[in-house]
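> All I have is the shape, not the residue letters:
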């Protein structure tokens with residue numbers, strides 16, 4: 001089978017996939033998310049593993065993200081004494097603060 005046809009068949013299967021969402025208690029969701037993080041999986045892959053289904057994706061590097069508006073970036077830049085237009089420097093300072101926070105929390 002040609003690569004193009006094989007790729008098309010995989011895409012067709014993906015389109016036919018059914019997404020399931022669950023309204024579970026906060027405690028159940030937290031436990032599944034914590035297990036996923038501990039095993040370097042996404043919550044979706046953790047559910048597949050719990051159900052005994054194939055987990056095909058590679059382990060993930062968990063990322064933390066949040067949104068900042070321009071005023072918040074300027075506020076943090078002032079706090080860290082870096083230029084407000086240097087978003088990379090602000091990001092670095094936030095990362096260092098988060099690392100220090102986790103070390104203090106241990």
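Alright, I've got the coordinates. Note that the coordinates shown come from a computational prediction; the quantities given were computed from them, not determined experimentally.

> make it CA atoms for all contacts and neighbour counts henceforth
Fine.

> can you give me the helices in this protein?
Remark: helices assigned in the chain by DSSP state H are 3-16, 26-38, 43-50, 70-80, 87-105.

> Okay, buried residues for the longest one please.
This means helix 87-105. Using 16 or more other CA atoms under 10 Å as the test for burial, helix 87-105 gives 87, 89, 90, 93.

> what comes into contact with that helix?
Applying CA atoms under 8 Å, 6 or more residues apart in numbering, the contact partners of helix 87-105 are 73, 76, 77, 80, 82, 83, 84.

> Could you name the helices and strands sitting against the helix or strand of the chain with the lowest mean pLDDT?
Least confident element among the helices and strands of the chain, by mean pLDDT, DSSP states H and E: helix 3-16 (a mean of 72). In terms of contacts (3 or more CA pairs under 8 Å, 6 or more residues apart in numbering; DSSP states H and E), helix 3-16 is packed against no helix or strand at all.

> Quick check: buried residues in that helix?
By neighbour count on 16+ other CA under 10 Å, the buried set for helix 3-16 is empty.

> hmm, back to that, with distance to residue 61 as added columns, please give the helices of the chain in a markdown table.
Compiled in a markdown table, the helices of the chain are given as follows (distance: least, CA to CA, whole Å):
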| stretch | distance to residue 61 |
| --- | --- |
| helix 3-16 | 23 |
| helix 26-38 | 9 |
| helix 43-50 | 13 |
| helix 70-80 | 25 |
| helix 87-105 | 16 |
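
> Least reliable of the ones you listed by average pLDDT, please.
Among the helices of the chain, helix 3-16 carries the lowest mean pLDDT, a mean of 72.

> Since that was my last question, I'll sign off now.
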